[in-house]
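S.K.: Can you look at this prediction? I've put the sequence above it.
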Amino acid sequence: LLGYPDENHSTILRRRLYVLFKSLEGVTHNSPRNLLTRIQSRPYLISHLDTKAKALVIRQYNKHHTYLHYWRFLHVVDMLNNSNGNPIRIESSNFPKHEDSIEGSLMKHVQEAPYVHLRLRTASFICDILALGGFCKYLSMVNPKTSRPVVWIRKL
């Protein structure tokens, strides 16, 4: 299931993600983050599962496709499981400043692992899909340094 037979991720988790992906396939979604932020994200279509590429394919703004590789979902689920219920910053940025954020950790993993995937800004989509599947929920917290709201996720 999901092309990643390993000891680190249970068959139950992989099956749960697969069922989630199939249930969202072909549907246009609004980000659950839109309930917390002033700036609204545009809807995106969860196009299909590409089993050869081992990715969930989304189409943004009716323009281009983005491949969300399965390992990214497994990586974020691991982060949630290791967070002890503490919120995790998403930090959707091309150049994240925090390695302990979702985007920062994904970028670091791409650099360290033998993946031939682009440095894509995917954290917000990964978190949206996991939130839609009941893996996590969004929180809005104020950054004390900037007084701006920052979106985080927490394991359910």
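M.R.: Nice, thanks for sending it over.
S.K.: what comes up buried for the helix or strand bottoming out on mean pLDDT in the chain?
M.R.: Here the helix or strand of the chain ranked lowest by mean pLDDT, DSSP states H and E is helix 102-112, holding a mean of 84. Using 16 or more other CB atoms under 10 Å as the test for burial, helix 102-112 gives 102-107, 110. Heads up, the C-betas are built off the backbone N, CA and C, glycines and all.
S.K.: ditto for stretch 17-27
M.R.: 17, 20-21, 24.
S.K.: got it, and stretch 40-49?
M.R.: By neighbour count on 16+ other CB under 10 Å, the buried set for stretch 40-49 is 41, 44-49.
S.K.: Give me the subset of the residues you listed that lies in strands.
M.R.: If you go by DSSP state E, the buried residues of stretch 40-49 have 44-49 in strands.
S.K.: pLDDT and distance to Thr146 for those residues - can I get that in TSV?
M.R.: Conversion of those to TSV gives the following (pLDDT from 0 to 100; distance: CB to CB, whole Å):
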residue	pLDDT	distance to Thr146
Tyr44	93	28
Leu45	94	33
Ile46	95	33
Ser47	94	36
His48	94	39
Leu49	93	39
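S.K.: Which one of the residues you listed is nearest to Val57?
M.R.: Nearest to Val57 among those: Ser47, at 4.5 Å, using CB to CB.
S.K.: So what's the residue count around Leu35?
M.R.: Leu35 is flanked by 10 other residues according to other CB atoms under 10 Å.
S.K.: if I look at the residue lying closest to it once chain neighbours are set aside, how far off is Thr51?
M.R.: Sequence neighbours aside, Tyr138 is the residue nearest to Leu35 in space, at 7.4 Å (criterion: CB to CB, 6 or more residues apart in numbering). According to CB to CB, to the nearest Å, Tyr138 and Thr51 sit 29 Å apart.
S.K.: Tell me which of the two has more neighbours.
M.R.: In this view Tyr138 and Thr51 are compared by other CB under 10 Å, and Tyr138 has more residues nearby, 20 against 10.
S.K.: Double-check that that one belongs to a strand.
M.R.: Yes. Under DSSP: H, G, I helix; E, B strand; the rest coil, Tyr138 falls within a strand.
S.K.: beta partners for it?
M.R.: Ile153 (DSSP bridges).
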